[in-house]
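Student: structure for the following, please:
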Amino acid sequence: MILVQINYRGSMKTTRIITKYANRRLYDSEESRYVTLIDIRRLVKDKIDFIVWDRKSGIDITRTILLQVITDLERTGHSIMSRKFLSQVIRSYDKVVPEFVTEYLEESMRFFMTQQKNLLKQINRVMDRDPFKEVAGIAQDNFVRWKSLQEEVLQRLGQLAVPEK
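Tutor: Have a look, this model is predicted:
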């Protein structure tokens, strides 16, 4: 099953529907087969838009399934989320506006991915130059940008924090 959305300009966006049944299995009706978390990860990597619906309750459980994919990835030993980071995320649920944290994390990840792509371009472009000097310059630029972003976030968090009781 595919959900088709038409925006105000008339262009269509398709969203694949995956159904979670009571037996905890996920069914992709477009492929007419049960799928695993590995298949869900492939959809994400291939940038295929999808929604996971719980058949019994009728609610969207996509975020829960994506968290399960992340949990599986974190178990492999190549963890990218430290205990400290995860603890801070949990604490943020009680202290700040959730939409702000969501927006910040999404923007931070976009920034990181852009910088990683730029770094790879720079490395490929300067292979005949002194790579250490080039990487040091890029690292310094990234540090300045990241520091500016952190200062802005900390300032906003200070304004939005809810006093502890």
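
Student: residues near residue 30, how many?
Tutor: For residue 30, the neighbour count with other Cβ atoms under 10 Å is 13. To be clear about C-beta, it is placed using only N, CA and C from the backbone, and glycine gets the same treatment.

Student: tell me the phi and psi of it?
Tutor: Main-chain dihedrals, residue 30, degrees, to the nearest 10: phi -70, psi -40.

Student: surely it touches residue 16?
Tutor: Yes: counting by Cβ atoms under 8 Å, residue 30 does reach residue 16; the two are 5.4 Å apart.

Student: contacts for stretch 119-128?
Tutor: 131, 134-135, 138, 142 (Cβ atoms under 8 Å, 6 or more residues apart in numbering).

Student: tell me where the protein has strands.
Tutor: Applying DSSP state E to the chain gives strands spanning 2-6, 12-20, 26-28, 33-35, 50-54.

Student: for the first one, give the mean pLDDT please.
Tutor: Within the predicted structure, the mean pLDDT of strand 2-6 is 54.

Student: repeat that for stretch 16-26.
Tutor: pLDDT averaged over stretch 16-26 gives 94.

Student: do stretch 133-145 as well
Tutor: 83.

Student: which parts of it are buried?
Tutor: Neighbour-count burial for stretch 133-145, with 16 or more other Cβ atoms under 10 Å as criterion, is recorded at 134, 138, 142.

Student: tell me if I'm right that the second one and residue 118 touch.
Tutor: Yes: counting by Cβ under 8 Å, a contact exists between residue 138 and residue 118, whose distance comes to 7.5 Å.

Student: just the pLDDT for the residue nearest in space to the middle of the chain.
Tutor: Centroid-nearest residue in the chain, with Cα atoms, centre = their mean: residue 106, separated by 6.3 Å. Residue-level confidence at residue 106 comes out at 88, pLDDT.

Student: what sits against residue 156?
Tutor: Residue 156 neighbours (Cβ under 8 Å, 6+ apart): residue 100.

Student: repeat that for 10 Å
Tutor: Taking Cβ atoms under 10 Å, 6 or more residues apart in numbering as the contact definition, residue 156 lies against 96-97, 100, 104.
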